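Novice: quick one, structure for this:
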Amino acid sequence: MSLAKKSGLYLPRRQFLSIAGMSTLSLILAGCETNFLDGTVRNLAQPFNEKMEGLLFNPRKLAREFADTEIEPEALLINTFDVTPQIDPRTFELKIDGQVKRPLNLNLAQIQNLPRTTMTIRHICVEGWSAIVQWAGVRLREIANLAQPAANVRYVYFKSADGYYESWDIASALHPQTLLAYEKNGRTLDVDNGAPLRLASPIKLGYKQSKWVTQVSFLVRKPRMSGYWEDQGYEWFAGL
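Specialist: Next up, the predicted model:
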């Protein structure tokens, strides 16, 4: 019986290979009496795991979508910092910059006039809970089409009004199910869930899906501060 299905537990192939890669490295270092969980081992293992997950990621494969009748309106829990930012949608602007041909500042009306996408997907939190949610908004690829990133861009960096920050690989950011959402479950997005604009996607864990997004930067290199939780030890790729 494989490790992936031991005791009835099923791990997606990407997660299994990620664990296997870290386990192999820990065995190599065990003879040196090195603690597997210390920062040195984590720093060695992480680039390997990210590379493996990137290779396994299929930018054209769609995650499962659900019927509207399957929406779970009470299941989406609210995880925030101590302060919830109050942003006036009438004066809100999204800044798009970095290695792009056309830096932009888009107000909410301009964003809502871009091609609209609706999807009902499962939001999965690293804490172990999930919720089926309907999101509506603009695909991030539509924003990229306007800004025209350089051919060597590899990362997208997001800043939020509450100080949160996050980065994605470019392939995941341009996936057809990665949205900058302004509606949830058929209604205007509420402030607790990230209004006026937040990331929503079924291909990443919840902590990658920034709320209150105010800036999107297209970058050639991964930023030194790559993500709020990642800088505290969470996995960076966080793919599903």
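Novice: Gln99 contacts Pro149, doesn't it?
Specialist: Yes: using CB atoms under 8 Å, Gln99 makes contact with Pro149 at a distance of 6.1 Å. All C-beta spots, glycine's among them, are computed from the backbone N, C-alpha and C.
Novice: and the end-to-end length of stretch 90-107?
Specialist: Stretch 90-107 has its terminal residues 8 Å apart, counting by CA to CA, to the nearest Å.
Novice: please point out which parts of that stretch sit buried.
Specialist: The neighbour-count check on stretch 90-107 (16 or more other CB atoms under 10 Å) flags 92, 94, 96-100, 104, 106 as buried.
Novice: low-scoring stretches of this structure, by residue?
Specialist: Flagging of the chain using pLDDT under 70 yields the residue ranges 1-55, 80-81.
Novice: which stretches of it form helices?
Specialist: Listed in chain order, the helices of the chain (DSSP state H) span 13-30, 39-56, 108-112, 140-147, 170-173.
Novice: tell me how far the shortest one is from the chain's mean position?
Specialist: Which is helix 170-173. Between the centre of helix 170-173 and the centre of its chain there are 9 Å (CA atoms, centre = their mean, to the nearest Å).
Novice: now the residue sitting nearest the centre point of the chain, nearest residue through space, not along the chain?
Specialist: The centroid of the chain falls nearest to Lys208 when counting by CA atoms, centre = their mean (3.2 Å). Nearest non-adjacent residue to Lys208, counting by CB to CB, 6 or more residues apart in numbering: Ala238, 5.0 Å away.
Novice: measure the one you found to Leu140 for me?
Specialist: Distance, Ala238 to Leu140, using CB to CB, to the nearest Å: 16 Å.
Novice: His123 now?
Specialist: 17 Å.
Novice: looking at those two, which one has more neighbours?
Specialist: Leu140 (24 against 21; other CB atoms under 10 Å).
Novice: my guess is that one meets Ala181, correct?
Specialist: No: using CB under 8 Å, Leu140 makes no contact with Ala181, being 10.4 Å away.
Novice: just the strands from the chain, written as ranges.
Specialist: 93-98, 104-107, 117-124, 130-139, 155-160, 165-169, 179-184, 187-188, 198-200, 213-219 (DSSP state E).
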